[in-house]
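Participant: the following block contains a protein sequence and its predicted model.
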Amino acid sequence: MNLDLTETQELLQNTVRDYLQRELPFDRIRELERAGATDATLWTGIAEQGWLELVFSEARGGAGTSLVDVGILVEELARRAAIVPVLEVAAAGRAIERFAPAEMADELIPGILAGTAVPVPALLEAADREGEVALAVGADGRLSGEKAFVDHGQWATHHLVSARDGRGPALFLVEAGSEAVRCEPLHSIGRTPLAAVCYAGAPARRVGGADALAELVRSGRALAALQCVGSMGQALDMTVAYASVREQFGKPIGSFQAVRHHCANMAMCVASARLLVYEALFALDAGGDADALVASAKASASRAAPEVLMLAHQIHGGNGIIEENDLYFFTLRGKERSLAWGTGEECLELLSAGVEAPAEFL
């Protein structure tokens, strides 16, 4: 398996990076944080650029590319601290295309491509335990109960809700604009939109069963790991640039061995986490059993993010504490994403279940 980006993928990466640097000033991100809002302007731009097409097959009007290409987009958005639900829509859209009834997919996917339909997953409940599903859909097809932490839930047009029916855990589509859906904004570590959602007899349409829910979690978890990598990678670049110009004792602090060691440790963490994540995305594309790879990638990224980001602050010194320095964007987002879609400990617990299984090295 060759994990180097192709020429087309490098072009995508550079195009997205240049676009974000040109169109998304950090001052606007600060305004969005204060307002607790999603970046509607950037979302429209992403749709107009055709980047949402990366999620879907050509048969559905998409670009027919791989999940690795979606990952490139997600990583670049994380490197700019963008406040848009690309991860959430990508994971939800992937589940809808693969598992939803044809008429539901025909209804939603054109809107997603146009940027007018914004489905986001609603999975966690008050217990905040991955995989625990207590909500149930009644025989009348209506959903009542609460989901505790829904990213961009107050801005979304649809929620992809995990709930139980007579056949076990499943995914259900709920229109967020319904009177039976009430979103209460929450404060998040990363200062991104988050909501507790109450469903009071909301009409719910079945998307798929336990396999659809599992696939949604796998893709969301892998892309969340890549968000950690994006935050770490940007913090590393900023730290190396700062250490090259900040002088102490008449020379740049980057010339001191202790600072070099810190930067080298940061670089190793970023490189190893990125390698594991792209390996997991490649495996998901291949359609194999990728649960262990995804859990390993998320555990690695979740454990590395706090270490890398705190080293970045240590090297920046007092200059890294003030919010006039853009470093704080990536510290907050990286910490938040390290907890989302399964913490490092939760993912290691998933891995531990297969420790005694025979290993296949060849």
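Facilitator: The structure has been received and is ready for your questions.

Participant: how many residues are close by residue 105?
Facilitator: 19 (other Cβ atoms under 10 Å). Heads up, the C-betas are built off the backbone N, CA and C, glycines and all.

Participant: residue contacts, it?
Facilitator: 60, 96-97 (Cβ atoms under 8 Å, 6 or more residues apart in numbering).

Participant: what's the closest of those to residue 327?
Facilitator: residue 96 (36.8 Å; Cβ to Cβ).

Participant: show me the helices in this structure, by range?
Facilitator: 7-23, 26-35, 40-49, 67-79, 86-99, 102-114, 210-245, 257-286, 291-316, 327-339, 344-352 (DSSP state H).

Participant: rewinding a little: redo the contacts of residue 105 as a markdown table? Include pLDDT and distance to residue 266.
Facilitator: Output for the contacts of residue 105, formatted as a markdown table (pLDDT from 0 to 100; distance: Cβ to Cβ, whole Å):
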| residue | pLDDT | distance to residue 266 |
| --- | --- | --- |
| 60 | 95 | 40 |
| 96 | 97 | 38 |
| 97 | 97 | 37 |
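
Participant: return the closest of these with respect to residue 28.
Facilitator: residue 96 (30.4 Å).

Participant: name the residues of stretch 349-362 that are buried.
Facilitator: residue 350 (16 or more other Cβ atoms under 10 Å).

Participant: could you point out where this structure is predicted with low confidence?
Facilitator: 1-2, 359-362 (pLDDT under 70).

Participant: show me the protein divided up by domain.
Facilitator: Domain assignment for the chain, taken from automatic domain parsing, gives 7-114, 119-208, 212-352.

Participant: in JSON lines, list those along with distance to residue 358.
Facilitator: Output for those, formatted as JSON lines (distance: least, Cβ to Cβ, whole Å):
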{"stretch": "domain 7-114", "distance to residue 358": "28"}
{"stretch": "domain 119-208", "distance to residue 358": "25"}
{"stretch": "domain 212-352", "distance to residue 358": "13"}
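
Participant: residues near residue 229, how many?
Facilitator: Residue 229: 33 neighbours (other Cβ under 10 Å).

Participant: residue 77 is in contact with that one, correct?
Facilitator: No. Using Cβ atoms under 8 Å, residue 229 is not in contact with residue 77; the gap is 11.9 Å.

Participant: dump the helices of the chain to JSON lines, plus distance to residue 186.
Facilitator: Output for those, formatted as JSON lines (distance: least, Cβ to Cβ, whole Å):
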{"stretch": "helix 7-23", "distance to residue 186": "26"}
{"stretch": "helix 26-35", "distance to residue 186": "14"}
{"stretch": "helix 40-49", "distance to residue 186": "20"}
{"stretch": "helix 67-79", "distance to residue 186": "21"}
{"stretch": "helix 86-99", "distance to residue 186": "15"}
{"stretch": "helix 102-114", "distance to residue 186": "25"}
{"stretch": "helix 210-245", "distance to residue 186": "18"}
{"stretch": "helix 257-286", "distance to residue 186": "27"}
{"stretch": "helix 291-316", "distance to residue 186": "21"}
{"stretch": "helix 327-339", "distance to residue 186": "12"}
{"stretch": "helix 344-352", "distance to residue 186": "20"}
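
Participant: out of those helices, which is closest to residue 125?
Facilitator: Using Cβ to Cβ, those put helix 210-245 closest to residue 125, at 13.5 Å.

Participant: so what does the closest one touch, helix or strand wise?
Facilitator: helix 67-79, helix 86-99, strand 168-175, strand 251-252, helix 257-286, helix 291-316, helix 327-339 (3 or more Cβ pairs under 8 Å, 6 or more residues apart in numbering; DSSP states H and E).

Participant: give the buried residues for it.
Facilitator: 212-236, 238-240, 242-243.

Participant: can you give me every residue that contacts the residue positioned nearest the centre of the chain?
Facilitator: Central residue of the chain (Cα atoms, centre = their mean): residue 224, 3.4 Å from the mean position. Each residue near residue 224 by Cβ under 8 Å, 6+ apart is listed here: 87, 298, 337, 340-342.

Participant: closest to residue 198 among those residues?
Facilitator: residue 340 (21.2 Å).

Participant: residue 120 versus residue 88, what's the distance?
Facilitator: 4 Å (Cβ to Cβ, to the nearest Å).

Participant: overlap in contacts of those two?
Facilitator: By Cβ under 8 Å, 6+ apart, the residues touching both residue 88 and residue 120 are 151-152, 156.

Participant: and the closest residue to residue 49 other than its chain neighbours, how many neighbours?
Facilitator: Nearest non-adjacent residue to residue 49, counting by Cβ to Cβ, 6 or more residues apart in numbering: residue 19, 6.8 Å away. Other residues near residue 19 come to 17 when the count uses other Cβ under 10 Å.
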